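Peer 1: sequence first, then the predicted structure:
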Amino acid sequence: MLKEERQSYIIKQINLHNKVLSSDLSIELNVSEDTIRRDLNELAESGKVLKVYGGALSKSFHYPFQQNDVYARESKREIARKVIGLIQPGMVLLAGGGTSLIELARMIPDTMECTVFTVSPLFALELTERTGIDVILIGGNLSKNSHINTGALTISLLSEIKVDLCILGTNGISLEEGITDSDWEVVQVKKAMIRAAQKTAMVSIAEKLNSVQKMKVCNLNSIHYLVTDANPSDKLLEGYSKTVKVV
């Protein structure tokens, strides 16, 4: 594989999953970790990714207020429109983080009245001017990688609430492995969020379907809605619709 092809693959994986590890890329691309590190250094120097210890992060994920840099933004806006259709006036919601959720926060109508708990400071900030929405930020240790609050305090606070609908993004989703992620602390927070909700809506761009990360959040039958940018009748979603309501 040529360097340009390799780096294109790396950028796509970062855009899809927000974070990549050099060790994983080395195995996937069958090259040395030194080669991957050089690729990541070049991509970071050109401003395409953020280099961190052991891998790299997506720039669009870490600078979500720069709307033009968000990967697959129109797909995420389509997801946001569908999620808004699940929200009823007076609901109590619980929201995670990520660029799809940020797009949702930006599109929620000014006239909507509900209460929103969130572990994401960025999500909370996007809602501050909505007069009909009470926003409650759940505290904890702010993760530098995921930009959500994590840790024992966050999980403890989540155990004290019960919401109508939890809205979460995911780094991996497949029929066999269910919902997966690459960050242990984030996995624990997502599990606590699902436990706190009567129903859970998982959002994911269609490109991310049938991908698996190393750490499991839950099985597919633990969620109620799968919201993607694809048409629910798309063959790609055929297997998922047997277990979860596809929106």
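Peer 2: Ah, there it is. Residues are numbered from 1 along each chain as shown.

Peer 1: can you pull the contacts of the residue nearest to the spatial centre of the chain?
Peer 2: The centroid of the chain falls nearest to Gly169 when counting by CA atoms, centre = their mean (3.2 Å). Applying CB atoms under 8 Å, 6 or more residues apart in numbering, one finds that Gly169 lies in contact with 96-101, 202-204. For the C-beta atoms, the positions are set from N, CA and C on the backbone; glycine is no exception.

Peer 1: determine which two of those are furthest apart.
Peer 2: Put simply, by CB to CB the two of the contacts of Gly169 set farthest apart are Thr99 and Met202, 15.0 Å from each other.

Peer 1: these two - which one has more neighbours?
Peer 2: The residue with more neighbours, out of Thr99 and Met202, is Met202; 27 against 24, by other CB atoms under 10 Å.

Peer 1: the more buried one: what's its closest spatial neighbour, skipping adjacent residues?
Peer 2: In this structure, Met202 finds its nearest non-sequential neighbour in Ile223, 4.8 Å apart by CB to CB, 6 or more residues apart in numbering.

Peer 1: correct me, but Ile11 touches Glu42?
Peer 2: No - contact between Ile11 and Glu42 fails when scored by CB atoms under 8 Å: they sit 11.2 Å apart.

Peer 1: out of those two, which sits in the busier spot?
Peer 2: More neighbours surround Ile11 than the other of Ile11 and Glu42, with 18 against 15 (other CB under 10 Å).

Peer 1: distance of that one relative to Gly139?
Peer 2: 34 Å (CB to CB, to the nearest Å).

Peer 1: state the distance from Ala152 to Glu160.
Peer 2: 13 Å.

Peer 1: I misspoke; the intended subject was Leu25.
Peer 2: 40 Å.
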